[in-house]
Every structure is written in structure tokens, then in C-alpha cells.
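Sequence and predicted model, in that order:
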Amino acid sequence: MFILELTYTAPVAAVDEHLAAHVAWLDAQYEAGVFIASGRKNPRDGGVIIAVADDRARIEEITAADPFTVAGVCAYRVTEFFATKTAPELAAYREQLPA
């Protein structure tokens, strides 16, 4: 599982110019089963996404296609972790530690 932290590298007005395309990109990732949750940070200087994928390389491909990334208005910090404990509603996402 991955935590994707977006940090805006441009003024919010420039980010907002690409917001509709970013939301469409988010929707496609939810439809593909990659994203579990997402939202803006408070204060609004970026966002956070919880994602699942087979490996970090796949996540990096996905984040590179984000319209915010393409437009150069955000930077991503990707953190991989093992979700060994979850709320009951997220049991399908529980992982085993690697051997």
C-alpha cells in the first residue's frame, strides 16, 4: 500500500486551472481499483492519496500521468507501507509482512 503526498509547487490559482483534469484522473484511478481515499490537505498546500498497486514502479507511472504533475504544479512524495492492521471495512487490503 502507498501513501501519496502531493505538495503544490505553484500558486493555488495555477493548480485550480488543472483541477478538473486532475479530478477526472482521480476518478479513473478509483475505477481501476488503485485509489482507496484522497483529499486536500489543510491548509490547502497539496493533498493525500491512499493507493494500492503491485509495486512502486506502477505507482510512479500513475503519478507521472497526473495532470498536476504534467503541468508542473505539484510534486509527489511516495511512501510504501505494509497495511498489516486495518479497520474491518478495509480487511480486503490487509497485507502480510514480507519474509
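On my side now, so go ahead.

longest helix in this structure, by residue count?
In the chain, taking DSSP state H as the definition, the longest helix is helix 19-31.

Output the contacting helices and strands for that helix.
strand 35-40, helix 67-71 (3 or more C-beta pairs under 8 Å, 6 or more residues apart in numbering; DSSP states H and E). In this view, the C-beta of every residue, glycine as well, is placed from N, C-alpha and C.

To Trp25, which of the ones you listed lies closest?
Distance to Trp25, taken as C-beta to C-beta, is lowest for helix 67-71 among the helices and strands packed on helix 19-31, at 5.7 Å.

centre of the chain versus the closest one, how much separation?
13 Å (C-alpha atoms, centre = their mean, to the nearest Å).

can you check stretch 39-53 too?
7 Å.

related to what we said a few turns ago, any idea which of the helices and strands packed on helix 19-31 gets closest to Glu17?
The closest approach between Glu17 and any of those, judged by C-beta to C-beta, belongs to helix 67-71 at 7.6 Å.

helix or strand right after the closest one?
Remark: after helix 67-71, the chain's next helix or strand is strand 74-80, criterion DSSP states H and E.

Give the pairing partners of that following strand; include direction for each.
If you go by DSSP bridges, strand 74-80 pairs up with strand 2-8 (antiparallel).

Going C-terminal from the strand it pairs with, what's the next secondary structure element?
Next helix or strand after strand 2-8 toward the C-terminus (DSSP H and E): helix 12-16.

Restricting the selection to alpha carbons, write that following helix to PDB.
Only the C-alpha atoms of helix 12-16 are listed here, as PDB (Å, rounded to 0.1, in the frame of the first residue of the first chain):
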ATOM      1  CA  VAL A  12      -3.300  27.600  -5.900                       C
ATOM      2  CA  ALA A  13      -4.700  29.600  -8.800                       C
ATOM      3  CA  ALA A  14      -2.400  27.700 -11.200                       C
ATOM      4  CA  VAL A  15      -3.300  24.400  -9.600                       C
ATOM      5  CA  ASP A  16      -7.000  25.200 -10.000                       C
END
